[in-house]
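Asks: Take this sequence and fold it.
(one chain, ligands or ions: 1)
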Amino acid sequence: MEKIRTRYAPSPTGKMHVGNLRTALYEFLIAKHAGGDFMLRIEDTDQERFVEGAIDIINRTLEQTGLTHDEGPDKDGGFGPYVQSERVKTGIYMKYAKELIDKGEAYYCFCDKERLATLKTEVVEGKEISIYDKHCLSLSKEEVEANLAAGKPYVVRQNIPNEGSTTFRDELYGDITVENAELDDMILIKSDGFPTYNFANVVDDHTMNITHVVRGNEYISSSPKYQRLYDAFGWESPVYIHLPLITDEDHKKLSKRSGHSSFEDLIDQGFISEAIVNFIALLGWSPEDNREIFSLEELIKEFDYHRISKSPAVFDIVKLKWMNGEYLKAMDFDRFYKMAEPYLEKFIKDGLDKKKIAAMVKTRIEIFPDIEGLVDFFNELPEYDTEMYVHKKMKTTKESSLEVLKELLPALEAQEDYSNDALYTMLQNFAAEHEYKNGYVLWPLRTAVSGKQMTPAGATEICELLGKEESLKRVRKGIELLGG
Ligand code: GLU
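Replies: Numbers count the residues shown, from 1 in each chain. Below is the predicted model:
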């Protein structure tokens with residue numbers, strides 16, 4: 001059996017869109033699942049769309065997500081160059097274009113802008129394109145030679161007959177047949193000598209022995225034209241897998257406006273790469289059972305591309321947050337601390353034990369920025385509503401809380417050891433002596449020292465962190481607020 005070879009073929013045009021990362025991930029998984037090779041190819045033939053720094057983003061993202069390529073610009077596997085602008089210099093595209101011209105499957109076109117502007121246009125996928133009328137197909141060999149000799153600018157177009165139909169196969173959609181009359185004579189080589197994506201993807205996928213091509217389904221309408229190129233060359237086409245659209249919660253195409261359409265956006269928002277990868281794997285693919293948490297290794301084992309869905313996948317940020325929280329819970333503490341530290345630095349004043357606070361929040365946050373809302377009270381007691389002292393289950397009221405805090409204050413003042421354990425024992429004894437349930441004492445104390453309804457830890461842990469002086473200050477403040 002031939003070796004499975006897949007490629008991720010990004011155009012360096014900016015950030016790593018979630019859809020692109022999904023393509024890369026699926027290509028990676030298909031290859032690795034079958035023990036094959038995953039290749040990186042940079043498609044930079046559209047010089048106008050090239051963005052400085054975009055290649056670095058691609059490399060960095062692949063590294064961060066663990067989608068390690070076996071071949072690429074930095075790892076020669078004998079199929080290079082792996083950057084299309086470098087491939088142009090080898091003359092490969094023009095060589096194959098000429099082969100098509102000789103076969104009558106392509107032709108030189110010398111039409112200038114003015115003439116093209118007079119052609120009929122059609123809206124294809126929201127873009128207005130002009131339908132070429134095959135004007136230059138009728139040029140004689142001599143006319144073409146003369147134009148070329150005179151240095152007249154030209155493009156090379158694919159020659160698609162107006163009759164008949166073309167069929168190609170997609171693994172998910174099955175056979176798709178279109179009437180040739182609906183296919184335009186697309187440009188293969190542009191006037192700057194560069195190939196279009198439409199041509200380069202066919203030449204490169206074939207010459208690089210690619211067996212499976214995964215890409216967004218915006219390419220599905222062009223695929224019959226690619227099929228015609230494969231047929232014209234007498235090449236076998238790769239297995240095609242066109243992926244469903246990714247939408248936002250409003251079922252509109254996921255765009256920049258959502259604020260979380262790229263890998264960098266998500267990292268900036270405090271998500272971790274393993275969770276992002278896990279989440280993206282499930283945007284269009286699902287395992288046989290309903291399992292949702294997968295490491296990359298587990299995905300490699302489980303990934304069967306036949307289970308990719310055709311229906312649009314909704315990017316549910318709430319689900320991603322949940323998943324990220326699961327990853328944080330399972331993460332080893334040292335790594336968690338390293339990642340949480342910048343946030344703790346920002347929100348926690350000096351002198352407080354950041355490691356202890358990190359341990360408190362680890363199982364309670366979904367993304368790192370959640371830390372702020374959980375720990376801000378450590379820095380400063382917030383203003384709070386005394387209604388918070390009322391707790392039905394603990395049977396506490398404002399009055400009972402005032403009484404308890406007043407009784408407790410001298411005991412807290414006398415207490416030397418403010419470690420969590422010592423404080424807890426002291427409070428238990430205090431409650432027993434007064435015949436109170438523990439919660440009847442702990443609830444008012446926790447409210448007084450935090451000023452919060454929800455805290456990442458109990459009363460005594462908070463007191464331990466705050467220390468004696470600050471804890472007492474807050475208890476006195478509570479008494480004052482309760483009118484004592
Ligand atoms: N360069 C194309 C893009 O970034 C790749 C499409 C493909 O995978 O064939 O959209």
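
Asks: What distance do you get for the residue of the chain positioned farthest from its centre to the ligand?
Replies: Distance from the centre of the chain peaks at E433, with 57.3 Å (CA atoms, centre = their mean). Distance of E433 to the ligand, computed by CB to the nearest ligand atom, to the nearest Å: 72 Å. From N, CA and C alone the C-beta is placed, and that goes for glycine too.

Asks: ok, now D231?
Replies: For D231 relative to the ligand (CB to the nearest ligand atom), the value is 18 Å.

Asks: average pLDDT for stretch 356-376?
Replies: Mean pLDDT, computed over stretch 356-376, is 93.

Asks: So what touches that stretch?
Replies: For stretch 356-376, contacts defined as CB atoms under 8 Å, 6 or more residues apart in numbering pick out 269-271, 321-322, 324-325, 328-329, 331, 333, 336-337, 339-341, 343-344, 346-348, 378, 382, 454-457, 461, 464-465.

Asks: give me the number of residues near the residue of the stretch 201-350 of the chain found nearest the ligand?
Replies: With CB to the nearest ligand atom as the measure, R215 is the residue of the stretch 201-350 of the chain nearest to the ligand, at 3.7 Å. Neighbour count of R215, defined by other CB atoms under 10 Å: 20.

Asks: ok, it - contacts?
Replies: T23, I241, H242, L243.

Asks: Surely the last one and V214 touch.
Replies: Yes: when contacts are counted by CB atoms under 8 Å, L243 is listed as touching V214 (6.4 Å).

Asks: which residues are common contacts for those two?
Replies: Common neighbours of L243 and V214 (CB under 8 Å, 6+ apart) are T23, Y26.

Asks: For the residue farthest from the centre of the chain, give me phi and psi.
Replies: Main-chain torsions, E433, degrees, to the nearest 10: phi -60, psi -40.

Asks: In terms of pLDDT, where does it sit?
Replies: 97.

Asks: how many other residues sit next to the nearest residue to Q453 once chain neighbours are set aside?
Replies: Nearest residue to Q453, sequence neighbours excluded (CB to CB, 6 or more residues apart in numbering): M388, at 5.8 Å. Using other CB under 10 Å, M388 is surrounded by 19 other residues.

Asks: so K103 touches L229, yeah?
Replies: No: taking CB under 8 Å as the definition, K103 is not a contact partner of L229, at 10.9 Å.

Asks: And these two? Which one has more around it.
Replies: Shown here are K103 and L229; by other CB under 10 Å, L229 has more neighbours (23 against 12).

Asks: Is it correct that that one falls within a strand?
Replies: No: L229 is assigned helix when assessed by DSSP: H, G, I helix; E, B strand; the rest coil, not a strand.

Asks: Pull the contacting residues for it.
Replies: L100, E105, Q158, F199, V202.

Asks: Please tell me the pLDDT value assigned to it.
Replies: Looking at L229, the pLDDT reads 98.
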